[in-house]
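> Sequence first, then the predicted structure, then my questions.
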Amino acid sequence: MEDQLEMKSKPLTSTTQKEIVTVQNIYKSFGEKKVLQGVSFHLKKGENLVVLGKSGTGKSVLIKCLVGLLYPDRGSVNVLGENVLELDPVALDALRLKIGFNFQNSALYDSMTVRENLEFPLKRNFREMTEKELDKAVDEALESVGLSHTKDLMPSELSGGMRKRIGIARTLILKPEIMLYDEPTSGLDPVTAKEINELIVEVKEKYHTAAIVITHDISCARTTGDRIMALAEGKVLEAGTFEEISKTDHPALKAFFDY
Amino acid sequence: MEKELTGTTSSIRNTIRQQEEEERLWIPERFHPFFETMAKIARFIGRFFKNLFNPPFETTAFLDQCYKIGYQSLLLIGITAAIAGVVFSQQSRPSLVAFGAQSWLPSFVSIAVVRSLGPLITALICSGKVASNIAAELSSMRVTEQIDAMEVSATKPFKYLIVTRILAATIMIPILTIFADTLSLMSSFLSVNILDQTSFNLFFTKVFEAISFLDIIGSISKSVFFGFAIGAVACYKGYYASKGTVGVGKAANGAVVTSMFLIFIIDLLALQVITFFR
Ligand SMILES: Nc1ncnc2c1ncn2[C@@H]1O[C@H](COP(=O)(O)OP(=O)(O)OP(=O)(O)O)[C@@H](O)[C@H]1O
Ligand SMILES: [Mg+2]
């Protein structure tokens, strides 16, 4: 199974590109419930990988394993040359700074204004920054997501789409090398979803990030993904470009393209 | 190379797991969850002290918590303490009068308030107001993944959220206790004054004659422990809340019940210690 995968993905990527995320054969269960059952994949520099899968297949669990929010029961996780499972807290924090994790529900700090939300990680990681520099960084990040006017609003005053954008701005402000998007378009209307998809592509071009985009939305997968990996029942079903995946005859995967 | 590493990691894990299992053998199975919880609590408290003395410090967030826990409880604590002072003096007065000992009332009230009523009322009110508030706030942050979001942006949420709150509770609750003691005694004086016409001076001379330095120190140190218990229980329940909105309710409820229970246990223990020194 693993070898098969390797075969499939090899021709797609040139060997000159560096693998910045390598996940090998990870397993994760919660009590009796088996969630991930031997997932392997990799992400190359500058690449957007879409993880496609039904609700409950463990997509969120998978990316939480990349940043040490969850630890797999077995397997290995290597991110930016570090073995995530063996890092001490200090090294883990250093690695986390290079990863922008966007949560499924945005996870904005609802007791803080938008500006404080963005300043929060900066103030704690770059203590020497002056008020002016902070302001500049906040403005820049807000501008990249097109929401400069929301600076003094509370998260509760924002719409769902705006919350997603602010969430993205909050991770961009740390200038990450890898972006992780957990269902960036779920719960949004098609128009707003399209805007978010465009934003993801823009971020990739402007900040030169690699990204893993989790979704169950086909149009999101098509616009944002260079490569697509389909997950079902804790295993990788298929991996390849959008065209390759859309020709699949796997019933679980086909259902995504049929509706 | 990668494969090799994975191999060693999992073999190390397995050995650790085996060792853990061997160590556990002599404890009956059904007590395991209890000991696991105890270990988790011990680690939580250990982590608090480790983070407490390690810079950088979250000073602004700490002062903010002091304001919330201390200042915003003043009114409630003040009113309840004043009422308790009035009720206690008016209820004990008839019995004292029956023995012709109403001049003892100030001493009587003073001992009751400083030794027991003041600290207890403050702590109980705070576990209703402060502990439930902290637990609900932290657990809803946990449920909506805000704590995870802090974690992955390397901002050390334990320092920002937990250390500040436990420390603020530990410091503010003794201060609130002193405030409650003062108000109880004042209100008691006023209620006595209406019936008996004592002077302010006489009343408070008697109040201070009745209590010793040990009473005051004991009462304040007891409150320090009350405050720590309230802060730690509330933070623990909130920080480890289970997922879903049910988790928020459970955390808030658990925080109040557990901290109230602990307050009485601490009160009992403190009494033994103070009696030993007396
Ligand atoms: N902390 C946890 N404790 C127990 N079970 C969990 C935990 N996190 C996830 N699970 C379980 O793992 C399974 C996969 O969850 P996950 O959130 O990864 O799904 P998902 O693929 O992201 O789905 P969705 O599209 O709905 O977000 C679910 O059945 C969930 O109940
Ligand atoms: Mg998910």
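Thanks, I have it. Ligands and ions are numbered 1, 2, ... in the order given.

> Quick check: the residue of chain A nearest ligand 2.
Residue nearest to ligand 2 within chain A: residue A:60 (3.1 Å; C-beta to the ion). Any C-beta I mention is one placed from the backbone N, CA and C, and that applies to glycine too.

> which residue packs closest to that residue, ignoring adjacent ones?
Spatial nearest neighbour of residue A:60, chain neighbours left out: residue A:182 (5.5 Å); criterion: C-beta to C-beta, 6 or more residues apart in numbering or on different chains.

> Contact partners for the one you found?
Residues in contact with residue A:182 (C-beta atoms under 8 Å, 6 or more residues apart in numbering or on different chains) are A:59, A:60, A:63, A:101, A:102, A:103, A:104, A:214.

> Backbone torsions only: list them for it.
Phi and psi for residue A:182, reported as degrees, to the nearest 10, are phi -100, psi 110.

> Beta-bridge partners for it, please?
According to DSSP bridges, the residues that bridge with residue A:182 are residue A:214.

> you'd agree the residue of chain A closest to ligand 2 is up against residue A:105?
No: the pair residue A:60 / residue A:105 is not scored as a contact, 10.5 Å apart, by C-beta atoms under 8 Å.

> circling back: and the residue of chain A closest to ligand 2, how many neighbours?
Look at residue A:60: counted by other C-beta atoms under 10 Å in any protein chain shown, it has 20 neighbours.

> what do you get for residue B:157?
Residues within reach of residue B:157, counting by other C-beta under 10 Å, total 19.

> how far away is the spatially closest residue to it that is not a sequence neighbour from residue A:205?
If the residues on either side of it in the chain are set aside, residue B:157 comes closest to residue B:150, at 3.7 Å by C-beta to C-beta, 6+ apart. Using C-beta to C-beta, to the nearest Å, one obtains 29 Å as the distance from residue B:150 to residue A:205.

> just residue B:80 next, same as before
62 Å.

> Just give the nearest non-adjacent residue to the closest residue to ligand 1 within chain B, would you?
Of all residues in chain B, the one sitting closest to ligand 1 is residue B:243 (6.4 Å; C-beta to the nearest ligand atom). Among residues not flanking residue B:243 along the chain, residue B:143 sits closest, at 6.0 Å (C-beta to C-beta, 6+ apart).

> Could you report the neighbour count for the residue of chain B at minimum distance from ligand 2?
As assessed by C-beta to the ion, ligand 2 sits closest to residue B:145 within chain B, at 10.5 Å. When neighbours are counted by other C-beta under 10 Å, residue B:145 registers 22.

> Check the one 4 residues further on too.
Other residues near residue B:149 come to 27 when the count uses other C-beta under 10 Å.

> what does residue B:250 give?
Residue B:250 has 16 nearby residues by other C-beta under 10 Å.

> Tell me if I'm right that it and residue B:240 touch.
No: assessed by C-beta under 8 Å, residue B:250 is found out of contact with residue B:240, at 10.7 Å.

> Show the contacting residues for the residue nearest to residue B:157.
Listed by C-beta under 8 Å, 6+ apart, the contact set of residue B:150 reads A:109, A:120, B:156, B:157, B:160, B:161.

> Who are the contact partners of residue B:233?
Each residue near residue B:233 by C-beta under 8 Å, 6+ apart is listed here: B:131, B:255, B:258, B:259, B:262.

> for the stretch 51-200 of chain A, what spans make up the strands?
Remark: strands assigned in the stretch 51-200 of chain A by DSSP state E, counting those that start in this stretch are A:74-79, A:82-83, A:99-102, A:178-182.

> is the third one anywhere near chain B?
Yes: Strand A:99-102 is in contact with chain B by C-beta under 8 Å from any C-beta of the partner chain, via A:99, A:101.

> Mind giving me the PyMOL select for the contacts of residue B:150, buried ones only?
Burial among the contacts of residue B:150 is assessed by 16 or more other C-beta atoms under 10 Å in any protein chain shown; the matching PyMOL selection reads:
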select buried, (chain A and resi 109+120) or (chain B and resi 156+157+160+161)
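
> Next step: the contacts of residue B:150 restricted to helices.
Members of those lying in helices (criterion: DSSP state H): A:120, B:157.

> Pull the most distant pair out of the contacts of residue B:150.
Across those, the longest distance by C-beta to C-beta is 14.3 Å; it joins A:109 and B:156.

> quick one on the thing from earlier: contacts only, for the residue of chain A closest to ligand 2.
Counting by C-beta under 8 Å, 6+ apart, residue A:60 touches A:104, A:182, A:214.

> If we check ligand 1, which of those residues are in contact?
Contacts with ligand 1 within these, as defined by C-beta under 6 Å from any ligand atom: residue A:104.

> Kindly indicate which of the contacts of residue A:60 lies nearest residue A:243.
Of the contacts of residue A:60, the one sitting nearest to residue A:243 (C-beta to C-beta) turns out to be residue A:214, at 20.6 Å.

> OK, contacts around the closest one?
Residues in contact with residue A:214 (C-beta under 8 Å, 6+ apart) are A:50, A:51, A:53, A:59, A:60, A:62, A:63, A:180, A:181, A:182, A:183.

> Hmm, which of those residues is lowest in pLDDT?
The lowest pLDDT within those belongs to residue A:53, which sits at 87.
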